[in-house]
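Asks: I would like the atomic coordinates for the input below:
(2 chains)
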Amino acid sequence: MASRKESGVSSSNTLDSPVKQIQIEGLVVLKIIKHYQEEGQGSEVVQGVLLGLVVEDRLEITNCFPFPQHTEEDADFDEVQYQMEMMRSLRHVNIDHLHVGWYQSTFYGSFVSRALLDSQFSYQHAIEESVVLIYDPIKTAQGSLSLKAYRLTPKLMEICKEKDFSAEGLKKAAVGYENMFEEVPIVIKNSHLISVLLWELEEKSTVPSKHELLSLSSSSHLEKSLQMLMDRVDDMSQDIVKFNTFSRNTSKQQQQKHQYIQRRQQENTQRQSRGEPPLPEEDISKMFKPPQPPPRMDTLLIAGQINTYCQTVKEFTSQNLGKLFMAEALQGHNS
Amino acid sequence: MVAGSAGRCGDRTDRRTATGMGGVSSAGRCGPCPRGGDTFTGPFPSCRFALFLAAAITPFLSNMSVYGPVVKIHPVVVASIVDSYERRNEGASRVIGTLLGTIDKHSVEVTNCFSVPHNESEDEVAVDMEFAKNMYELHRKVSPSEVIIGWYATGYDITEHSVLIHEYYSREAQNPIHLTVDTALQSGKMSVRAYLSAPMGVPGKTVGVMFTPLSVKYVYYDTECIGIELLQKTRTSPSRTNGLTSDLTQVAGSAAQTQEMLSTVLAYIEDVLAGKVTADNSVGRYLMDLVDKVPMIPAEDFETMLNSNINDLLMVTYLTNLTQTQIALNEKLVIM
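Replies: As a prediction, the model looks like this:
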């Protein structure tokens, strides 16, 4: 189980993208956590912009700032202006003002959506090395920081550029749900002064370190994840039904066309034998309008999402199995 | 940009009229300081007074009893301050900025901050007020509940310029807090201290400003705890880096930690039994609690519980694998 964790996204050994590793400063991690904690409780997602710079094949993220929520009242709120002002102000205090990506919080791992794809595409198109950081607060509250960095694969970028989302386009580029996003490994790096600060905090703080990670009572989390998985699988099956009807319709149409042509030919031969002029050839394509093929992109997204859910659930179960075996050992000693 | 010389306070809209040598103004403001080697004929300028007092009470700060609100700080704020100190302009010896947060009855919680560009030299200090206002507005859009509660400065001492800056901030907030973070490690460690300003002096004559210390506590959200724990790991690695691990490695790490703690406790018990350390009753009670916490479940019940849980997890794994195979097949059939 543990070995399949990389197979959901294309393996990080063969990244052919310009960014091989992401280096985040501790400050950014803390800011993202704080932003979700304070503003994200009710609504779906919180988003923000990442700032940093590119060094050789590493992307260094040194700061970030949050984006306000989209509310109905602020219809005149100008996102672009907010961003521009923020970056200009930050430049005054010597913070890196190069936009290198954005972050988003997710709810039980559901982030593969059209909106994300579009946003990431526009970022990656403008700035080659940008990434999207997905922060999962619920998983983090369970004991381990869940922060993942994703980029679109070059193949997917091509497709988005040409806006060709039909089946042929996807087949041509050979993009499967496993090739949509590539995960970039993250490394956290702190400067010396921050290390000093961390030593101070260790001394001063009286909060006991939490051992959430070892808690066994996480079945509600599993329930939720499975529920979301089921919803997606339902969507998927609907999609499949649509596709099936489409293919059945196309084949029926083909049959009808054949029959029509045959009948025509028969009639024509009959007429020739009787000496009458043949009937004019009618435009077949106008008579039989081909049915609309269903959009393939949604299927791809749903498949990608299902895949991510499955990955998270499997990680979760492997962790829990480990914990159960530990509990067994503990009991074994006692009895 | 507003420039204030050490002897003159106020901003564009509130120019203090110079009242001549040694003029006394209302509580907390300085009159113009004589310069250029004149002897002070007027009363002692209050800014110098404040400095003297602050310097005098500094050694006693940790022992003094404090009244006033408790200052609760989130670690993200101090990390921000350290980061802006590292990015300061050439020649600046310290950075200042605004603190944002919420005020409670007995405490002030600091949750955010941003640095404000400023220039400081021997006799004058200039702070970009426009910038501060702007940034505050921008921050307000994201978190409307945060208000300006004070300001911070890096460095160990409170200087004369701090008094001026503090006055500006007392116009923005009711009772602003002044936070100092000793990033240059003058005192040997990075101490974070908070002060409230209080007017003092002889009424009618020179009044000065005294900075009274407040107690500082660190507070964390749950997720912040976990974040900080992860960051702590970077202290020990030589390149100060740390990758993010996943599934079983994390459980193993946690288990190792628990094991360490258990061995410390065991070592202590051994020492007590061998008579090297005197037994402490309260520790003994905690140990008793600890051992009691492991529930005594009859073996068969535990077996059934364990097995049913394991079965659940295995079934879920099987189903997810099945789903993944299904979508892979679907893709092959439908798209390719």
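
Asks: angles on the backbone of residue A:61, please.
Replies: For residue A:61, the backbone dihedrals are phi -110, psi 120 (criterion: degrees, to the nearest 10).

Asks: if you could redo that for residue B:178, that was the one I meant.
Replies: On the backbone of residue B:178 - angles per degrees, to the nearest 10 - the values are phi -110, psi 130.

Asks: for the stretch 1-150 of chain B, just list every one of the strands.
Replies: Using DSSP state E, counting those that start in this stretch, the strands of the stretch 1-150 of chain B run over B:2-5, B:70-73, B:96-103, B:107-116, B:118-120, B:124-127, B:147-154.

Asks: so which of those strands is nearest residue A:318?
Replies: Within the strands of the stretch 1-150 of chain B, the stretch nearest residue A:318 is strand B:107-116; the backing value is 36.3 Å (C-beta to C-beta). Yep, even glycine has a C-beta here, placed from its N, CA and C like the rest.

Asks: residues making contact with the closest one?
Replies: With contacts defined as C-beta atoms under 8 Å, 6 or more residues apart in numbering or on different chains, strand B:107-116 is touched by A:34, A:38, A:93, B:69-74, B:76-77, B:80-81, B:84, B:95-103, B:127-128, B:131-132, B:135, B:139, B:143, B:146, B:149-150, B:152, B:177, B:179, B:219.

Asks: which of those are buried?
Replies: Burial by neighbour count, judged by 16 or more other C-beta atoms under 10 Å in any protein chain shown, picks out A:34, A:38, A:93, B:69-74, B:76-77, B:80-81, B:84, B:95-101, B:127-128, B:131-132, B:135, B:139, B:143, B:146, B:149-150, B:152, B:177, B:179, B:219 from those.

Asks: still on that earlier bit, tabulate the strands of the stretch 1-150 of chain B (TSV), appending mean pLDDT.
Replies: Below are the strands of the stretch 1-150 of chain B laid out as TSV (pLDDT from 0 to 100):
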stretch	mean pLDDT
strand B:2-5	36
strand B:70-73	86
strand B:96-103	88
strand B:107-116	87
strand B:118-120	80
strand B:124-127	79
strand B:147-154	87
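
Asks: grab the nearest non-local neighbour of residue B:278.
Replies: What sits nearest to residue B:278 in space, not counting adjacent residues and going by C-beta to C-beta, 6 or more residues apart in numbering or on different chains, is residue B:272, at 7.6 Å.

Asks: so what pLDDT did residue B:318 get?
Replies: Each residue has a pLDDT score; the one for residue B:318 is 90.

Asks: isn't the residue nearest to residue B:278 right up against residue B:279?
Replies: Yes - taking C-beta atoms under 8 Å as the contact criterion, residue B:272 and residue B:279 are neighbours in contact, 4.8 Å apart.

Asks: between those two, which is the more surrounded one?
Replies: Counting neighbours by other C-beta atoms under 10 Å in any protein chain shown for residue B:272 and for residue B:279 shows that residue B:272 has the greater number, 16 against 12.

Asks: sticking with the more buried one, tell me its helix or strand.
Replies: Counting by DSSP states H and E, the secondary-structure element that holds residue B:272 is helix B:248-273.

Asks: please name every helix or strand in contact with that helix.
Replies: With contacts defined as 3 or more C-beta pairs under 8 Å, 6 or more residues apart in numbering or on different chains; DSSP states H and E, the secondary structure elements packing on helix B:248-273 are helix A:296-334, helix B:281-293.

Asks: buried residues in the longest one?
Replies: If you call a residue buried by 16+ other C-beta under 10 Å, then helix A:296-334 has these buried ones: A:296-297, A:299-324, A:326-327, A:331.

Asks: got any ranges where the stretch 1-150 of chain B has weak pLDDT?
Replies: Applying pLDDT under 70 to the predicted model, the residue ranges of the stretch 1-150 of chain B that meet it are B:1-67.

Asks: which bits of it sit near chain A?
Replies: Applying C-beta under 8 Å from any C-beta of the partner chain, one finds that the stretch 1-150 of chain B approaches chain A through B:74-76, B:78-80, B:82-89, B:111-112, B:114-117, B:128, B:131, B:134-135, B:138, B:141-143.

Asks: list only those of the residues you listed flagged as buried.
Replies: Neighbour-count burial within those applies to B:74-76, B:78-80, B:82-85, B:88, B:111-112, B:114-117, B:128, B:131, B:134-135, B:138, B:142-143; the criterion is 16+ other C-beta under 10 Å.

Asks: span of stretch A:188-197 from start to end?
Replies: 16 Å (C-alpha to C-alpha, to the nearest Å).

Asks: swap that for stretch B:118-125, please
Replies: Across stretch B:118-125, the straight-line distance between its terminal residues is 7 Å, by C-alpha to C-alpha.

Asks: please apply the same query to stretch A:68-82.
Replies: Between the opening and closing residues of stretch A:68-82 we find a distance of 9 Å, counting by C-alpha to C-alpha.

Asks: distance of residue A:113 relative to chain B?
Replies: Computed with C-beta to the nearest C-beta, to the nearest Å, the distance linking residue A:113 and chain B is 17 Å.

Asks: any idea how far that residue lies from residue A:119?
Replies: Here the distance between residue A:113 and residue A:119 works out to 10 Å (C-beta to C-beta, to the nearest Å).

Asks: please identify the helix or strand for residue A:59.
Replies: Under DSSP H and E, the secondary-structure element containing residue A:59 is strand A:58-66.
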